[in-house]
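S.K.: Sharing a model prediction with you, sequence too.
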Amino acid sequence: MRVELHPAFVLHRRPYRETSALLEVFSQRHGRVGLVARGVRRPRSAWHEALQPFRPLQIAWSGRGELGSVTAAESDAPAPGLSGRPLISGFYMNELLVRLLPRHDPCRPLFQRYLVSIEALGRGQPEEPLLRLFERDLLDTLGYGLQLERDARSGAPLVAGENYLYQAESGPTRSPVDGVQAVPVSGRTLMGLSAGRFEDGGTLAEAKRLLRFLLEPHLGPRPLVSRDLIRPRARAPVAVVPGLRTADDDQG
């Protein structure tokens, strides 16, 4: 199989043999793919600068099975020059994609969200709203899209001023099923996630707690390295609903 030049990003790169590298690549046409870049670690390699995380690429490869071979690669735009928290946020998005995205599953909307997010981080836009919308779209791509319009049990439209309990299998409701894990969240936060706008730090904090609750079952017990880099010293308290288990009950 031969794949012609098209947009992509390197998500992860590690040494392979004497002069090569193994790459995890997020491709516009083919989703997440594994590639080997032969000779890329040689000092005079034409691909050395291009095949770096966060740099927009045009990339081509050939081969069958799980691991193809890069046949061409060139920078499509300047690297965004991330540092500090924006850099860690970029690594967080990359780690989520490597951990959760199946191989060879095209997902152009998520690729576009990633591209927009990296560009915005490079411009110094606040990281938290960008990460929440990326997490939202990642869950949707994986087939676990959020219910952000109606009460899951009554079918009534969500109300900004009301409080709900979000259950992973069904969505937000004011009448939850006893014994089912749930996280408290306001209608305002859910509607903000739907619209892609957050009114204040409170809705952002609620959105972060909700999305972490929904992502954890898919990530499993192995911690995210990038999350540990920005973990706050003290953990914020999480509301506990009588008669229900919250996400933190199973995490100690």
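M.R.: Perfect, thanks for sending it.
S.K.: helices or strands up against the biggest strand by length in the chain?
M.R.: Longest strand of the chain, by residue count under DSSP state E: strand 2-16. Judged by 3 or more CB pairs under 8 Å, 6 or more residues apart in numbering; DSSP states H and E, the packing partners of strand 2-16 are strand 20-27, strand 57-62, strand 67-75, helix 84-100, helix 108-122. The way it works is simple: take the backbone N, C-alpha and C, and place the C-beta from them, glycine included.
S.K.: And it, what's buried?
M.R.: Buried residues in strand 2-16, counting neighbours by 16 or more other CB atoms under 10 Å, are found at Val3, Pro7, Ala8, Phe9, Val10, Leu11, His12, Arg13.
S.K.: Find the nearest non-adjacent residue to the first one, please.
M.R.: Right, Val3. Trp61 (5.3 Å; CB to CB, 6 or more residues apart in numbering).
S.K.: and the one you found, what does it touch?
M.R.: Trp61 makes contacts with Arg2, Val3, Val33, Leu35, Gly68, Ser69, Val70, Thr71, as judged by CB atoms under 8 Å, 6 or more residues apart in numbering.
S.K.: Please point out which parts of stretch 209-223 sit buried.
M.R.: Within stretch 209-223, the residues that count as buried by 16+ other CB under 10 Å are Arg209, Leu210, Leu211, Phe213, Leu214, Leu215.
S.K.: What lies in contact with that stretch?
M.R.: With CB under 8 Å, 6+ apart as the test, stretch 209-223 has contacts from 96, 99-100, 132, 135-136, 139, 142, 144, 146, 166, 168, 181, 183, 185, 189, 193, 238, 247, 251.
S.K.: Show me those that map onto strands.
M.R.: Filtering the contacts of stretch 209-223 for strands - DSSP E - leaves Tyr166, Val183, Val185.
S.K.: Is it possible to get CSV of those that adds neighbour count?
M.R.: Below are the ones in strands among the contacts of stretch 209-223 laid out as CSV (neighbours: other CB atoms under 10 Å):
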residue, neighbour count
Tyr166, 26
Val183, 24
Val185, 21
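S.K.: I'd like to know which of these is nearest to Pro53.
M.R.: Val183 (31.7 Å; CB to CB).
S.K.: ok, and the nearest residue to that closest one once chain neighbours are set aside, which helix or strand is that part of?
M.R.: Distances taken as CB to CB, 6+ apart put Phe213 closest to Val183, at 4.5 Å, once the chain neighbours are dropped. Taking DSSP states H and E as the criterion, Phe213 maps to helix 201-219.
S.K.: By mean pLDDT, which helix or strand of the chain comes out lowest?
M.R.: helix 225-229 (a mean of 83; mean pLDDT, DSSP states H and E).
S.K.: Glu206 contacts Val185, correct?
M.R.: Yes - Glu206 lies in contact with Val185 (CB atoms under 8 Å); the separation is 5.3 Å.
S.K.: Could you list the low-pLDDT ranges of the stretch 151-252 of the chain?
M.R.: By pLDDT under 70, the weakly predicted segments of the stretch 151-252 of the chain are 230-252.
S.K.: Go again with 50.
M.R.: Where the stretch 151-252 of the chain drops to pLDDT under 50, the residues are 233-252.
S.K.: about what we covered before: kindly reformat the buried residues of stretch 209-223 as CSV containing distance to Arg197.
M.R.: Shown next, in CSV, are the buried residues of stretch 209-223 (distance: CB to CB, whole Å):
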residue, distance to Arg197
Arg209, 18
Leu210, 16
Leu211, 16
Phe213, 21
Leu214, 20
Leu215, 21
